[in-house]
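Asker: need coordinates for the following:
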Amino acid sequence: MCSQKAVLRRDGFTFKQFFVAHDRCAMKVGTDGTLLGAWVPVANVKNVLDIGTGSGLLALMLAQRTPDNVTIDAVELDPVAAEQAAENAAGCKWSSRISVHCADIREWAQQATQRYSLIVSNPPFFSQGSDCASPERAQARYTTTLDHNALLSSAAQLITEDGFFCVIMPETSGTAFCELAKTQGWFVRYRTDIADNETRLPHRVMLALSPTDGEYFTERLTIRGPDQHYSEGYCGLTQDFYLFM
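Answerer: Next up is the predicted model:
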C-alpha cells in the first residue's frame with residue numbers, strides 16, 4: 001500500500017490500473033462485476049465480448065488480464081451508459097483494444113461477423129418488481145428487456161466451440177439458469193458459490209458455460225473471514241484490482 005494517500009475521484013471507482021466513471025450509468029461499479037471480471041478463465045482467450053457492458057468495468061478488467069493481441073467488444077443498449085463506457089475505455093492504457101458499441105445484443109448477434117472465445121455478462125437479475133428511480137436502472141436491473149433465454153440464445157450464436165460464457169447472478173436463480181442453459185446445448189464447466197462469510201448461505205453464483213462438454217469444477221468463495229476481514233480467497237482473487245488489497 002502507498003505511504004501517501006491519493007486523492008480519489010468521486011464520480012466513479014479507482015482501481016490499481018484504471019478508473020471507471022459511472023455517474024451517468026444506471027448500475028454502479030460493485031462487488032458482483034468486480035468478482036466476475038477477476039474470476040473468468042482467460043487462458044488462451046483470443047477475443048472477448050462483454051454483453052451489457054454498462055460503465056465498461058468488465059471490458060477494462062479483462063483488458064488488464066489478457067495479452068495485448070486480445071481484442072474486446074463491449075455492447076450496451078443504453079446510449080448514455082455506452083457513451084460513458086467509451087469514455088472510460090478511451091481513458092485507459094488498453095484503449096486500442098476495446099471497442100464499445102451501442103446496440104441490442106439480439107440484433108448484434110444476428111449481424112456479427114466473428115465468434116468469441118470468451119463472452120461475459122453481468123446480466124439483469126430480477127423479474128419486474130417495484131418501480132426503479134429511472135427507466136435506465138430498470139433496464140439494467142430487470143430481465144424485461146433481456147431475459148435469460150434471449151441472453152443464452154445470443155451468446156450461443158457468438159461463442160466459439162471451445163469458448164466460455166461467464167455470468168454472475170443471485171444464487172437463487174442459478175439452478176434455473178443452468179437448467180435453461182442445458183436445453184440450449186450449454187454445459188456448466190465452472191461454478192463458484194459466493195457467501196458473505198462461512199456461516200451464511202451463498203447469495204451469488206458465478207458460472208462458466210461452454211458449448212463443449214468437459215470436466216466440471218465447483219467451489220465456494222467467502223468474502224469475509226471469521227474476523228470480518230476480507231478472506232484470503234477474496235483477496236487473492238481481487239488483489240490485482242482493488243487499491244486496498
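
Asker: shaky segments in this structure?
Answerer: For the chain, the stretches with pLDDT under 70 are 1-7, 125-145.

Asker: can you give me the helices for it?
Answerer: Counting by DSSP state H, the chain has helices at residues 31-39, 57-65, 79-90, 105-111, 135-141, 148-158, 171-183, 232-238.

Asker: can you mark which positions in stretch 189-201 are buried?
Answerer: Neighbour-count burial for stretch 189-201, counted by 16 or more other CB atoms under 10 Å, picks out Arg189, Tyr190, Arg191, Thr192, Asp193, Ile194, Ala195. Yep, even glycine has a C-beta here, placed from its N, CA and C like the rest.

Asker: re the thing from before, please identify the deepest-packed of the helices of the chain.
Answerer: Highest mean neighbour count of the helices of the chain: helix 57-65, a mean of 26 (counted as mean count of other CB atoms under 10 Å).

Asker: quick one: contacts of that one?
Answerer: The contact list for helix 57-65 (CB atoms under 8 Å, 6 or more residues apart in numbering) reads 15, 17-18, 20, 22, 29, 33-34, 36-38, 40, 42, 48, 50, 53, 70, 72, 74, 85, 88-89, 92, 94, 97-98, 100, 118, 120, 122, 240-241.

Asker: these in strands, which ones?
Answerer: Val20, Val48, Asp50, Ile72, Ala74, Ile98, Val100, Leu118, Val120 (DSSP state E).

Asker: and those residues, which two are furthest apart?
Answerer: Using CB to CB, the ones in strands among the contacts of helix 57-65 reach their maximum pairwise distance at Val20 and Leu118, which is 19.8 Å.

Asker: who touches stretch 199-215?
Answerer: Contacts of stretch 199-215 with the rest of the structure, by CB under 8 Å, 6+ apart, involve 32, 35-36, 39-41, 155-156, 159, 161-171, 174, 177-178, 181, 185-196, 220.

Asker: how long is that stretch from one end to the other?
Answerer: In stretch 199-215, first residue to last residue: 29 Å (CA to CA, to the nearest Å).

Asker: quick one: Leu151 from Val120, how far?
Answerer: As for Leu151, its distance to Val120 is 12 Å (criterion: CB to CB, to the nearest Å).

Asker: and for Ser173?
Answerer: In terms of CB to CB, Ser173 sits 17 Å off from Val120.

Asker: Ile159 too?
Answerer: Taking CB to CB, one finds Ile159 at 11 Å from Val120.

Asker: which neighbours do these two share?
Answerer: Joint contacts of Ile159 and Val120 (CB under 8 Å, 6+ apart) are Phe165.

Asker: surely Leu35 meets Leu237?
Answerer: Yes - counting by CB atoms under 8 Å, Leu237 is a contact partner of Leu35 at 6.9 Å.
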